[in-house]
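Trainee: My questions concern the predicted model and sequence given below.
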Amino acid sequence: MEWKQSEFTVTDRREDLDIETIHNFLRESYWAKGIPRPIMEKAISNSLCFGVYHNSNQVGFGRAVTDHATFAYLADIFVVPAYQGRGLGKWLVSCILAHPELQGLRRLLLATRDANKLYQQAGFVSLRKPDWFMEINDPDIYQREV
């Protein structure tokens, strides 16, 4: 799939992904700080991925971890700082949600520390029954040798 908006493109073509750009951003992010490149590459290979491009340069990324039938978890969504404030993140999320493989799902989830308003505009709400959800969370896993 491909979406165009002036000089920007969003696509799900894995072969277009700039792995170096993605890794450079994610390893400095608050949610994946220090992520080793092989771990990030494995996550990408097991996800439905989306790149945002200005001409041929990747300026954003997002992925959906999904079974393509009932559930998807949106992860690693970002726009590089030089391109933030142009509505590209909002557009990227709308493209992800419009993808044919993500239609008719019973549940879509994501986690964010600071982009709640962006995701609320796309229809996401706080967990209606947070007591139903549980987690095993190891936020410092990439800071330790595994």
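Mentor: Received it, and whenever you're ready, just let me know what you need. Residues are numbered from 1 along each chain as shown.
Trainee: does F78 sit in a helix, a strand or a coil?
Mentor: strand (DSSP: H, G, I helix; E, B strand; the rest coil).
Trainee: Quick one: residues contacting it.
Mentor: F25, L26, S29, G60, F61, G62, G89 (Cβ atoms under 8 Å, 6 or more residues apart in numbering). (C-beta placed from N, C-alpha, C; glycine too.)
Trainee: Could you identify the most distant pair in those residues?
Mentor: L26 and G89 (15.1 Å; Cβ to Cβ).
Trainee: For these two, indicate the residue with more neighbours.
Mentor: Legend: neighbour count by other Cβ atoms under 10 Å for L26 and G89, higher for L26 (23 against 20).
Trainee: shouldn't the more buried one be in contact with G34?
Mentor: No - L26 lies out of contact with G34 (Cβ atoms under 8 Å); the separation is 9.4 Å.
Trainee: in the protein, what spans have low per-residue confidence?
Mentor: Applying pLDDT under 70 to the chain flags the ranges 145-146.
Trainee: need the longest helix for it.
Mentor: If you go by DSSP state H, the chain has its longest helix at helix 88-98.
Trainee: buried residues in it?
Mentor: L88, G89, K90, W91, L92, V93, C95, I96, L97 (16 or more other Cβ atoms under 10 Å).
Trainee: No further queries at this time; thank you.
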